[in-house]
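> Got a predicted model here, sequence first, then my questions.
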Amino acid sequence: MNENRFLEEDFNEFVEYLVEQKMFADSKEEGIAKFVIDKGYEALTDKQKYVFETSITNYIYEECNRCGCNIPWSEMIFADINGGLCSWCQQLSRNDKE
C-alpha cells in the first residue's frame, strides 16, 4: 500500500472505526492504532509502521475490484463487506441483479 494514503484526511476516521469495533488482534496493535489517531502515521517508528500496516491489511482495498479506482477511507469498511467494490460499483452490481 502506498504510505501516502495513510496521510489522507479521512484515514483517522477509518482507524477510529477499527478501534471501536475491536478489529485489532491484540493490545499492541490497538495501542499503535490509537497512537496513529492521536499523533499521525508519520510519527510511528519503522517497527510500529510494520505492525500497524500488517494489522490493517485485511481491511484495506487499494482499488475497486470492478472499476479499479481508489476506494476512499470513508468507504473502506463497506468495500470489505461488498467484496472489494467501491460504493458506485456496489450500487451498479445491485442494479445488475434487478
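Right, received. Where do you want to start?
> And the lowest mean pLDDT element among the helices and strands of this protein?
Of all helical and strand segments in the chain, the minimum by mean pLDDT, DSSP states H and E falls on helix 87-97, at a mean of 81.
> Could you export that one as CSV, CA atoms only?
Only the C-alpha atoms of helix 87-97 are listed here, as CSV (Å, rounded to 0.1, in the frame of the first residue of the first chain):
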residue,chain,number,x,y,z
SER,A,87,-19.9,2.3,-3.4
TRP,A,88,-20.6,3.2,-7.0
CYS,A,89,-19.8,-0.3,-8.4
GLN,A,90,-21.7,-1.9,-5.5
GLN,A,91,-24.8,0.1,-6.5
LEU,A,92,-24.2,-0.9,-10.1
SER,A,93,-23.9,-4.5,-9.3
ARG,A,94,-27.1,-4.3,-7.2
ASN,A,95,-28.9,-2.8,-10.2
ASP,A,96,-27.5,-5.6,-12.5
LYS,A,97,-29.3,-8.1,-10.3
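> Go through it and flag the buried ones.
Judged by neighbour count (16 or more other CB atoms under 10 Å), helix 87-97 contains these buried residues: 89-90. The way it works is simple: take the backbone N, C-alpha and C, and place the C-beta from them, glycine included.
> for stretch 60-76, same thing?
By neighbour count with 16+ other CB under 10 Å, stretch 60-76 contains the buried residues 60-61, 64, 66, 71-73, 75-76.
> So which of the residues you listed sit within helices?
Those of the buried residues of stretch 60-76 mapping onto helices are Met76, per DSSP state H.
> Identify, from the buried residues of stretch 60-76, the entry nearest to Asn2.
Set against Asn2, the nearest of the buried residues of stretch 60-76 by CB to CB is Ile60 (10.8 Å).
> Would you reformat the buried residues of stretch 60-76 as TSV and include distance to Ala43 and pLDDT?
Shown next, in TSV, are these (distance: CB to CB, whole Å; pLDDT from 0 to 100):
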residue	distance to Ala43	pLDDT
Ile60	20	92
Tyr61	25	91
Cys64	30	94
Arg66	35	94
Ile71	25	93
Pro72	23	92
Trp73	18	94
Glu75	26	92
Met76	22	92
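> Mind checking which of the buried residues of stretch 60-76 land in strands?
Nothing among the buried residues of stretch 60-76 maps onto strands, per DSSP state E.
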